[in-house]
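Undergrad: Let's see this in three dimensions:
(chains A, B, C and D)
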There are 2 protein chains.
Amino acid sequence: MFKSTSKDDTRAHVFNTALALFREKGFNETTMREVAKASGLSLGAAYYYFRSKEDIVGAYYEHVQIEHLRRAREGFADARNLKQRLEVAFHSKLDIIADDRRLLVALFRYGGDSEHPLSWFGPDTQRQRDLSMGVFDEALSDEKLPADLRDAVPVMLWAMHMGLMLYMLFDESPQQQQTRKLADQAIPLSLQMTKLLRVPLVRTPIRKALAALLEADLIPPAARWRALGTEGGEA
Amino acid sequence: MFKSTSKDDTRAHVFNTALALFREKGFNETTMREVAKASGLSLGAAYYYFRSKEDIVGAYYEHVQIEHLRRAREGFADARNLKQRLEVAFHSKLDIIADDRRLLVALFRYGGDSEHPLSWFGPDTQRQRDLSMGVFDEALSDEKLPADLRDAVPVMLWAMHMGLMLYMLFDESPQQQQTRKLADQAIPLSLQMTKLLRVPLVRTPIRKALAALLEADLIPPAARWRALGTEGGEA
DNA sequence: GTCTATAAAGGGATAGAC
DNA sequence: GTCTATCCCTTTATAGAC
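TA: As a prediction, this is how the structure comes out:
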């Protein structure tokens, strides 16, 4: 309202510039000085928008999830069945990170360190995980399943998609075609599994497994991530 | 025969000293100078036994797997059924790495980088993975299963045990009791699953899944790891 | 020939002026 | 909000002592 380039605009500009540099020459190899210069700012000004280089990564995580939610919903609107919705959920995520393999490899290092704010499994990234599970939850929207299974399946799908991303890190095929193929095979498999879940013979041991996973805090309360994604906003 | 401390002895001495330091003060925080000094050697001499600090980690990986195989076989001898053998396979591994959480967190960083010789999924550590799958293969020794499933189940168990180790990295409970509990719940689940595999209704979709995993190179040829473990030797 | 001490360089982050 | 100047740490290179 007051100025053409608001604080948010400049922040987004720095973010996009940094991301381009990360993709072009790698995360570790890109210095904050370069980010600042390429953004047309001084070093100090860049640090005004992001407290640290890792803070830019935090914005990237947020960006990926928001974008995933956005694209997935767009795709869900046209999807006519569960299979198509799963295709949208998996492939839209892969689309978003397609150019970021190098960056993700560099970020992998933080994954196992629960103390680190950028750990993929740590408390500081819970919101991102919740958003991500929310996408798979919406993909299942009108599936009829017993409540406990219904709350767990999105978590399983999220875990699958994490595995798929790990696979992508090692996939040297052009455009990561191998990963796409694997995703395409994971989808009918997931469908089959949700069908099998209705068979009592299968359901009973699965219920036991879920109880174990719940007790080990490996399945977050569905209420938490189901509430998310109604806010909007962009990194 | 000629000298009381052979090259191998000294190498083992350096290795044990380094491991103690890694556990005590962390991998990144331990310098090769300290390793050398604590071993009673000069820096140059230490570098004679290990070309780099990471080379020591390579020896650690090898040590863990050899030790796992040794302890597992010891336990298998007394085990009377599959359940007990699975308990041995899972818990002996956890015993071995129990003191190494910090080290493993530090090493996690290499995991996602397929280029890195210490990546947990890269080509350079294939031998270690093969040895590890071999342990689970031996645990299943006299289970009757169709050949394709029989070759895949050890890989699934290996994957479970990798997940269990990831869980342990984040497990702050005393003596990682939570991880032990999770393992104890994973075991009957695994048993149940191998039983379910025999049910045609389940077997058919699983077979499809396996075909997908095979095509994606996620299931190594059983012949490779089954051949291993008959050599002996120690890091 | 090896080791140690130190200097130079690079880069993340901060302080204070404007 | 943006700048300049600076801090501080890590890594790498080197020079001189042993």
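
Undergrad: how about the lowest-mean-pLDDT helix or strand in chain A: buried residues?
TA: Ranked by mean pLDDT, DSSP states H and E, the helix or strand of chain A with the weakest confidence is helix A:222-227, at a mean of 87. Across helix A:222-227, burial judged by 16 or more other Cβ atoms under 10 Å in any protein chain shown covers A:Ala222, A:Trp225, A:Arg226. (Glycine included, C-beta is placed from N, CA and C.)

Undergrad: Verify the stated contact: the second one with A:Asp130.
TA: Okay, so that is A:Trp225. Yes - in this structure, A:Trp225 is within contact of A:Asp130 by Cβ atoms under 8 Å, at 3.8 Å.

Undergrad: Which residues of chain A lie near DNA strand D?
TA: A:Thr5, A:Ser6, A:Lys7, A:Thr10, A:Gly40, A:Leu41, A:Ser42, A:Leu43, A:Gly44, A:Ala45, A:Tyr48, A:Tyr49 (Cβ under 7 Å from any atom of the strand).

Undergrad: which of the residues you listed has the most neighbours?
TA: Highest neighbour count within the residues of chain A next to DNA strand D, by other Cβ atoms under 10 Å in any protein chain shown: A:Tyr49, with 22 neighbours.

Undergrad: What does the pLDDT read for it?
TA: We have a pLDDT of 95 for A:Tyr49.

Undergrad: Then A:Lys3?
TA: Confidence score, pLDDT, at A:Lys3: 46.

Undergrad: repeat for the one 5 residues further on
TA: Each residue has a pLDDT score; the one for A:Asp8 is 81.

Undergrad: So what does A:Phe27 look like in phi/psi?
TA: A:Phe27 adopts backbone torsions of phi -70, psi -50, taken as degrees, to the nearest 10.

Undergrad: how about the closest residue to it other than its chain neighbours, what does it touch?
TA: Ranked by Cβ to Cβ, 6 or more residues apart in numbering or on different chains and with sequence neighbours excluded, the top spatial neighbour of A:Phe27 is A:Ala106, at 3.8 Å. When contacts are counted by Cβ atoms under 8 Å, 6 or more residues apart in numbering or on different chains, A:Ala106 touches A:Phe22, A:Gly26, A:Phe27, A:Asn28.

Undergrad: let's see 7 Å
TA: Contacts for A:Ala106 were tallied using Cβ atoms under 7 Å, 6 or more residues apart in numbering or on different chains; they are A:Gly26, A:Phe27, A:Asn28.

Undergrad: State the pLDDT value of it.
TA: 89.

Undergrad: ok so, going back, out of the buried residues of helix A:222-227, which is nearest to DNA strand D?
TA: A:Trp225 (31.9 Å; Cβ to the nearest atom of the strand).

Undergrad: do you know how far that closest one is from DNA strand C?
TA: According to Cβ to the nearest atom of the strand, to the nearest Å, A:Trp225 stands 30 Å off from DNA strand C.

Undergrad: what's the answer for A:Ser173, then?
TA: 31 Å.

Undergrad: where does the closest residue to that residue other than its chain neighbours land in three-state SS?
TA: Ranked by Cβ to Cβ, 6+ apart and with sequence neighbours excluded, the top spatial neighbour of A:Ser173 is A:Thr179, at 7.8 Å. For A:Thr179, the assignment made with DSSP: H, G, I helix; E, B strand; the rest coil gives helix.

Undergrad: cool, and A:Glu172?
TA: coil.

Undergrad: Report pLDDT for it.
TA: For A:Glu172, the model assigns a pLDDT of 93.

Undergrad: That one: how many residues sit nearby?
TA: A:Glu172, neighbours per other Cβ under 10 Å, totals 8.

Undergrad: what number of residues lie near the closest residue to it other than its chain neighbours?
TA: Leaving aside its chain neighbours, A:Glu172 sits nearest to B:Ser114 (7.7 Å; criterion: Cβ to Cβ, 6+ apart). Other residues within reach of B:Ser114, judged by other Cβ under 10 Å, total 15.
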